[in-house]
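Enquirer: dropping a prediction and its sequence here:
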Amino acid sequence: MSGRPDVGAFVVAGRSLDRSTGEAAFTYRLGDDEFTERLALDPALLTGPVPAQLDAALDLVHLVTGTSYYKLAAPGRVTVERPVTAAQLAVARAAYTHGLGEFAAVNRLPVPHRVEFDVEVREPGPAPAGGTRGALLPVGGGKDSALALVVIPDGTALAVNPTGAQRDVARAAGVPLVEVRRRLDPLLAERTAQGGLNGHVPVTAINSSIATLVAVLGGYDPVVFANERSADEETLTVDGAGVNHQYSKSYEFERFFAAAAAEVGTGYFSLTRQLSELATVAAVAALPLRADILSCNRSYTQRHLGGQAEQRWCLHCDKCLFTFLCFAVFLTPAEAQGMFGGNPLADPSLADGFRKLWATEKPFDCVGERAESAAAMAHLAASRSWGDAAVVRELGAEAAAAAEVTGATVARFLPPRGEHAIPERHLQSLQRVLAGARSAVA
Ligand SMILES: CC(=O)N[C@H]1[C@@H](OP(=O)(O)OP(=O)(O)OC[C@H]2O[C@@H](n3ccc(=O)[nH]c3=O)[C@H](O)[C@@H]2O)O[C@H](CO)[C@@H](O)[C@@H]1O[C@H](C)C(=O)N[C@@H](C)C(=O)N[C@@H](CCC(=O)O)C(=O)O
Ligand SMILES: Nc1ncnc2c1ncn2[C@@H]1O[C@H](COP(=O)(O)OP(=O)(O)OP(=O)(O)O)[C@@H](O)[C@H]1O
């Protein structure tokens, strides 16, 4: 950390919830600066009696959301003014260390990023009963959470910083939507522009904590994310240490978070944990809902909040290329063109972008495993309908060679596998939807 001014520890300071307006405020200090992040919660969530576990749910948001401000100087020390439970501390450790792994790598800080916490650890309160209003399904607007809406159609969707895409997909699935607006302290952008460190934050950890708070206030249980198995693969390795852009979507993080969520009476799991990206796409490609999804991350920047910019597939970013590649396996070129509004596999200038999907250093984006990208491209090269597309012609042979190293084929990525924490009832519903999709494709 040499070369950076010593600002002392990052302080997780006060927080409040105004029950009349629905505004929750979370304050932090870094050096001489004070930052307050605000959540606008639907006041309808706040009309009932105060839940016993509200304080603990607010603490979880407070801890995790601090990563955005901590990263300005990344001092390696965090002081938390309120006592937290051991499970909450484990979530915070994971979020500030591995969750900021990409940030550390990009800023050439030591990897793994190490953080010491100065905090009093308290015992958790008595285990509360879960809510009775059914599942809360956080939605990102893309394919994974769209699948969850189909598998659990009696749930309630949640959008943090909703955009048109999230509203469209919830509406198309016929699921009610709870919206939470998140406002970063404007001083963060000012300090970043003045040279503060910047980089990726563990946004799924942040969304998880907000979802848990909404579940506690609204009486929902469980909180069901849609984080796929492929999210466990590291993006790159630095000095032997794995760095994962999607760390807070990993199963490791899920287990830390589930323990803290259980303390506030909320189940927490990922419905798609056993699925590769290809398996999820195989299912979504067979659903009418595919027309309503939007996975392009460029469409979810702060600029798009409040509808200041049009949301569409940019068809150039890593996530668009990856998502198109996967859907192409299950759609004809005409169907894919209709869904995405273009065909990047026909554009030879994008060949390098596709090739990066199975390179040793994957893009810092939500893309699948290297082997599944290579297998998907090799599959297209062998197909009659896609084999002539310019990019497929250029990359087919090298993708097939890359896939062969691990014996990867599309078929091998389709069966669910690996550890998960999905309750039996939801697992069966998922299996029904997957089986229905398979017969639609056959
Ligand atoms: C939309 C997006 O991908 N943004 C990433 C991008 O930020 P950019 O500057 O292009 O735009 P904004 O998101 O509007 O951010 C403006 C500044 O604000 C900072 N910031 C933003 C959100 C936040 O919670 N805290 C913040 O401090 C941000 O640093 C900017 O200075 O590049 C950033 C740096 O790499 C990324 O951190 C931005 O990612 C967002 C936090 C985000 O929501 N990204 C998701 C679409 C995303 O990456 N999801 C992952 C899930 C993995 C995980 O859980 O970490 C995925 O799809 O793989
Ligand atoms: N803004 C958000 N509000 C609430 N939940 C979100 C939000 N963004 C993402 N999520 C949750 O986090 C999970 C991971 O995000 P991710 O962006 O990978 O998924 P997605 O939008 O469902 O699919 P895709 O990978 O196609 O974008 C989502 O499945 C969803 O459960």
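Expert: It's in. Ligands and ions are numbered 1, 2, ... in the order given.
Enquirer: and this structure, what are its domains?
Expert: In terms of domains, the chain is parsed into 10-270, 277-415 (source: automatic domain parsing).
Enquirer: I'd like the ones you listed as a markdown table, with mean neighbour count appended.
Expert: (Glycine included, C-beta is placed from N, CA and C.) A markdown table is the format used below for these (neighbours: other C-beta atoms under 10 Å):
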| stretch | mean neighbour count |
| --- | --- |
| domain 10-270 | 20 |
| domain 277-415 | 19 |
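Enquirer: now the stretch 251-400 of the chain against ligand 2: closest residue?
Expert: Ser295 (3.2 Å; C-beta to the nearest ligand atom).
Enquirer: so what pLDDT did that residue get?
Expert: In this model, Ser295 is scored at 92, pLDDT.
Enquirer: wait, doesn't it sit right on Lys319?
Expert: Yes - Ser295 is in contact with Lys319 according to C-beta atoms under 8 Å; the separation is 5.9 Å.
Enquirer: assumed Leu17 was part of a helix.
Expert: No - assignment of Leu17 by DSSP: H, G, I helix; E, B strand; the rest coil gives strand, placing it outside any helix.
Enquirer: secondary structure element for the closest residue to it other than its chain neighbours?
Expert: Distance criterion C-beta to C-beta, 6 or more residues apart in numbering; nearest residue to Leu17, sequence neighbours excluded, is Ala24 at 4.7 Å. Here Ala24, judged by DSSP states H and E, is contained in strand 23-30.
Enquirer: for the very next helix or strand once past that strand, packing partners?
Expert: Next along the chain after strand 23-30, taking DSSP H and E as the criterion, comes strand 33-40. In terms of contacts (3 or more C-beta pairs under 8 Å, 6 or more residues apart in numbering; DSSP states H and E), strand 33-40 is packed against strand 23-30, helix 67-70, strand 177-183, helix 186-193.
Enquirer: recalculate using a threshold of 10 Å.
Expert: Counting contacts by 3 or more C-beta pairs under 10 Å, 6 or more residues apart in numbering; DSSP states H and E, strand 33-40 packs against strand 10-18, strand 23-30, helix 54-65, helix 67-70, strand 177-183, helix 186-193, helix 203-218.
Enquirer: quick one: is the shortest one near ligand 1?
Expert: Spelled out, that is helix 67-70. Yes - using C-beta under 6 Å from any ligand atom, helix 67-70 reaches ligand 1 at Ser68.
Enquirer: output that helix as CSV, restricted to C-alpha atoms.
Expert: Provided in CSV are the C-alpha atoms of helix 67-70 (Å, rounded to 0.1, in the frame of the first residue of the first chain):
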residue,chain,number,x,y,z
THR,A,67,-17.2,-1.3,-0.2
SER,A,68,-18.0,1.5,-2.7
TYR,A,69,-16.5,4.2,-0.4
TYR,A,70,-13.8,2.0,1.2
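Enquirer: and after it, which helix or strand comes next?
Expert: Next in line after helix 67-70, if elements are assigned by DSSP H and E, sits strand 77-80.
Enquirer: same check, this time on the last one
Expert: Once the chain leaves helix 203-218, the next helix or strand it forms, by DSSP H and E, is strand 223-225.
Enquirer: what packs against that following strand?
Expert: Against strand 223-225 (3+ C-beta pairs under 10 Å, 6+ apart) you get strand 136-138, helix 143-151, helix 203-218, helix 251-263, strand 268-270.
Enquirer: can you redo the ones you listed as a markdown table with distance to ligand 1 and mean pLDDT?
Expert: Shown next, in a markdown table, are the helices and strands packed on strand 223-225 (distance: least, C-beta to the nearest ligand atom, whole Å; pLDDT from 0 to 100):
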| stretch | distance to ligand 1 | mean pLDDT |
| --- | --- | --- |
| strand 136-138 | 11 | 98 |
| helix 143-151 | 10 | 96 |
| helix 203-218 | 3 | 97 |
| helix 251-263 | 8 | 98 |
| strand 268-270 | 12 | 98 |
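Enquirer: so for Asn227, which of the ones you listed sits nearest?
Expert: strand 268-270 (4.1 Å; C-beta to C-beta).
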